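Chemist: Pasting the sequence and the predicted coordinates here, then a few questions.
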Amino acid sequence: MGNGETRVRGIAARAGGWSARHRWAAVGIWVLFVVLAMGLGSAAGRVDVKDSDQMGGETHTAATIVEDAGIDEPAGETVLIQAKDGSLKATDAEFRAAVTAVVTAVEGTGEVTGVITPYEARTISKDGHSALVQFDMRGEADTAGERVEPVLKAVEGVQEKHESLRIEEIGGASMMKTFDDAFGDDFKKAEYSAVPVALGILLVAFGALVAALVPVALAITAIIATMGLMALVSHFQPMSETANSVMLLVGLAVGVDYCLFYLRREREERAAGRDAQTALRIAAATSGRAIVVSGVTVCVAMAGMLFTGIAEFEAMGLASLMVVAVAMVGSVTVLPALLSLLGERVEKGRLPFLRRRRKNGGSEGSRFWTAVLRRVLAKPLLAAAVATGALLAVAAPAIGMKTENLTLDQEFGDSLPIVQTYNRVNEAFPGGSDPAEVVVKADDINAPEVRAALADFREQAVSSGASRGPVDITMHDEQNVALVYVPLVGGSDQDKAGESLDKLRDDVRPATLGKVDGVEAPITGQVAGSKDFNDQLVGSVLPVFVFVVVFAFLLMLLSFRSLTIALTSIVLNLLSVGAAYGILVAVFQHGWGASLVGAEGVGAIITWLPLFLFVILFGLSMDYHVFVVSRIREARLRGRTTRDAIQHGVVTTAGVVTSAAVIMVAVFAIFGTLSMQSMKQMGVGLAAAVLIDATIIRGVLLPAVMALLGERNWYLPKWLHRLPDLTHDETPEAIVPAARDDEGERVGV
């Protein structure tokens, strides 16, 4: 068969072949798709997840009652007035003057309503040295953070005139502003850093500016198109800022990776003497196929989030799924067209000190991994045992994983002044900054029995030890709803506050409000939300786990037609995820080595992260696995022994896998440098998992296990031979000419 007469068959090969032949049409269609997606998305606007859909359990029920009743709960703010040296008390004239000054200042902004002094609300600490001025922000609570700045400045002005007192503001609006500022600054930093970092690594990997720019450009266009698609889809499945951030993270990592796989294989074939057309066809049939298999597997894994029943997770899953699908399609369509258009110009802008790469195209493999492989294949049982033991040891801390929604002080540590205010309020008024909220709905909220039950609840909440008071009740007569605010004993200590919540739910409520027919009284709040979210996640773990594992197994089985490879793929990926969990728990829960990554041991992992990491990592791990195993299988079909095929497959892919892993680790590690602990946890978890996956799993454990299995790697029971054959995209050397039909498809497989 001549060099230019190669005929291969399959989705990726056909797509790549068409794009290479119709280069301008392929590029034009892609540009049109990106522009249309972004334009239509901008015109449609994005619908975000509502607060009532964010949580499950009683928290969701409470939010629904409030929304259905049309009650717009304002964002509450509190000003702490506290004697610095303990000499002044709330009853002293200077203290009273400060209270009056605060009231006058905040009312003067025109942004607040319902100002209550500590003398009216009895919000004076037991020692008498601290007091709270409380008020609500005007307008919608969701946007209060945007209007709180003048109020904060007014309070600062009062502080400047009373040096003996500590006068600080905290509340829903001010915390929202703090969170939004930190979140926005963090993600700007991450987004601005990620692209230059990826480009720099690609420059080293390819040694040429144009070759490095192509993957970054394709990843960015995939992200832009997905942003438009997210806006369109949000009218059916609401989206969120978190989903947008996750989409950017996954899109950049996966988009660059897919292009890197394709481009490196095309350059390798050209370095081996292939003409440009044949090199593109082979890259389409091999790396293109690996991209399709990997992309579909990642999409299936992301779809697992749709089974959680949590709107935020569903948004993240759908956004990630879309960006992976768009990046996958772009990699097997417009990328071949671009490479065909560029030709030799893809080598433009070469770095002089990396000129040597041009000669070998990276096909000689890695000396380091060649040396490692030689030892692994010499003693595969020992290598497998050591690698497995090491991974299990790293994963061991995950057994004691504790998850919860992080409080403000856990999220930001002592890096922000508002955190110190938060701690001082909780110390002086335990539970005051994050009270439980009981949403009481009745047929007639003013009925004598309901009024009596509310009074009993207020009394027993304190007498039971769940709260030290004051318990405030706000009546909404027209809606027949009452809102009861209960400061929980335990304050910012989530475990103790959780015990207080249990007393309210299990003891106080049944003995009071629970005895009145027709009364609903779900309890919400920060502590309740964390508990309900945890409970819902625990309930969704099994269906998500089963869905992701079963479908990933089936995809690997169909893609490689090997029961053994499908099973080992699942086991190796689970080991990788387990090790990532272990590192997370060790660093962020126990604080082991936390300072090395600029983190703190906060005693818990943020609630949403374990399931999120499982889905993301299980999908991303397939990138390397499919790519490496495809190369091993290709070499085996060329006639090499299984051991030689393993050596060839791992060593020849070492360069591209290393480059791809370095990019992913670098991008994820950027998130590990952000100020928010939840983002640090996500970044460190993802970076650690990818690093483990690209080194211990793919470089040691995979070849060791495959060497031990030998020919059993390709085992497929006879009763499974009727399964669809998705393995037909191969290089021409993998196929004996006589074994082809007239359409170019292998016969008898």
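Modeler: Great, that's in hand. All of these numbers come straight from a predicted model, not from anything done at the bench.
Chemist: counting contacts, what elements does the helix or strand hosting Val102 pack onto?
Modeler: According to DSSP states H and E, Val102 maps onto helix 93-108. Contacts defined by 3 or more CB pairs under 8 Å, 6 or more residues apart in numbering; DSSP states H and E place helix 93-108 against strand 76-83, strand 112-116, strand 130-137, helix 149-161, strand 165-171. Glycine gets a C-beta too; all of them are placed from N, C-alpha and C.
Chemist: The same query, at a cut-off of 6 Å, please.
Modeler: Counting contacts by 3 or more CB pairs under 6 Å, 6 or more residues apart in numbering; DSSP states H and E, helix 93-108 is packed against strand 112-116, helix 149-161.
Chemist: Send me it as CSV with only the CA atoms.
Modeler: Only the C-alpha atoms of helix 93-108 are listed here, as CSV (Å, rounded to 0.1, in the frame of the first residue of the first chain):
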residue,chain,number,x,y,z
ALA,A,93,-22.6,57.3,78.4
GLU,A,94,-19.7,57.0,75.9
PHE,A,95,-21.0,53.6,74.8
ARG,A,96,-24.6,54.9,74.4
ALA,A,97,-23.2,57.9,72.4
ALA,A,98,-21.5,55.5,70.0
VAL,A,99,-24.7,53.5,69.5
THR,A,100,-26.6,56.7,68.7
ALA,A,101,-23.8,57.7,66.3
VAL,A,102,-24.0,54.4,64.5
VAL,A,103,-27.8,54.6,64.2
THR,A,104,-27.6,58.1,62.8
ALA,A,105,-24.8,57.2,60.4
VAL,A,106,-26.4,54.2,58.8
GLU,A,107,-29.8,55.8,58.6
GLY,A,108,-28.2,58.8,56.9
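Chemist: quick one on the thing from earlier: can you list the helices and strands packed on helix 93-108 in CSV and add distance to Pro215 and mean pLDDT?
Modeler: Output for the helices and strands packed on helix 93-108, formatted as CSV (distance: least, CB to CB, whole Å; pLDDT from 0 to 100):
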stretch, distance to Pro215, mean pLDDT
strand 112-116, 52, 88
helix 149-161, 42, 90
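Chemist: looking at the ones you listed, which is closest to Asp136?
Modeler: strand 112-116 (4.8 Å; CB to CB).
Chemist: still on that earlier bit, next, the buried residues of the helix holding Val102.
Modeler: Under the neighbour-count criterion of 16 or more other CB atoms under 10 Å, helix 93-108 has 95-96, 98-99, 101-103, 105-106 buried.
Chemist: How about stretch 495-506?
Modeler: 496-501, 503-505.
Chemist: between those, which is closest to Leu454?
Modeler: Of all those, the one with the least separation from Leu454 (CB to CB) is Leu504, at 13.6 Å.
Chemist: Now do the contacts for that closest one.
Modeler: Leu504 makes contact with 466, 523 under the criterion CB atoms under 6 Å, 6 or more residues apart in numbering.
Chemist: Return the member of the buried residues of stretch 495-506 nearest to Ile445.
Modeler: Among the buried residues of stretch 495-506, Leu504 lies closest to Ile445 (CB to CB), at 19.4 Å.
Chemist: what secondary structure does the closest one sit in?
Modeler: What DSSP: H, G, I helix; E, B strand; the rest coil gives for Leu504 is helix.
Chemist: Check what pLDDT it gets.
Modeler: At Leu504, the model reports a pLDDT of 90.
Chemist: Relative to Asp517, how far out is it?
Modeler: As judged by CB to CB, to the nearest Å, Leu504 and Asp517 stand 20 Å apart.
Chemist: hang on, the earlier thing: I'd like the helices and strands packed on helix 93-108 as CSV, with mean neighbour count and distance to Arg345 appended.
Modeler: Below are these laid out as CSV (neighbours: other CB atoms under 10 Å; distance: least, CB to CB, whole Å):
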stretch, mean neighbour count, distance to Arg345
strand 112-116, 16, 63
helix 149-161, 17, 52
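Chemist: Generate TSV for these, with distance to Thr474 as supplementary columns.
Modeler: Formatted as TSV, the helices and strands packed on helix 93-108 follow (distance: least, CB to CB, whole Å):
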stretch	distance to Thr474
strand 112-116	10
helix 149-161	21
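Chemist: between the ones you listed, which gets nearest to Thr123?
Modeler: Nearest of these (CB to CB): strand 112-116, 8.0 Å.
Chemist: Following the chain onward from that closest one, which element is next?
Modeler: Heading C-terminal from strand 112-116, the first helix or strand you meet, by DSSP H and E, is helix 118-121.
Chemist: quick one: average pLDDT of that next one?
Modeler: Rounded mean pLDDT across helix 118-121 is 86.
Chemist: who touches it?
Modeler: Residues outside helix 118-121 that contact it (CB under 6 Å, 6+ apart): 124, 131-132.
Chemist: Output it as PDB, nothing but the C-alphas.
Modeler: Coordinates of the C-alpha atoms in helix 118-121 are reproduced here as PDB (Å, rounded to 0.1, in the frame of the first residue of the first chain):
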ATOM      1  CA  PRO A 118     -29.400  46.900  71.400                       C
ATOM      2  CA  TYR A 119     -31.500  48.500  74.200                       C
ATOM      3  CA  GLU A 120     -34.600  47.700  72.300                       C
ATOM      4  CA  ALA A 121     -33.700  44.300  71.100                       C
END
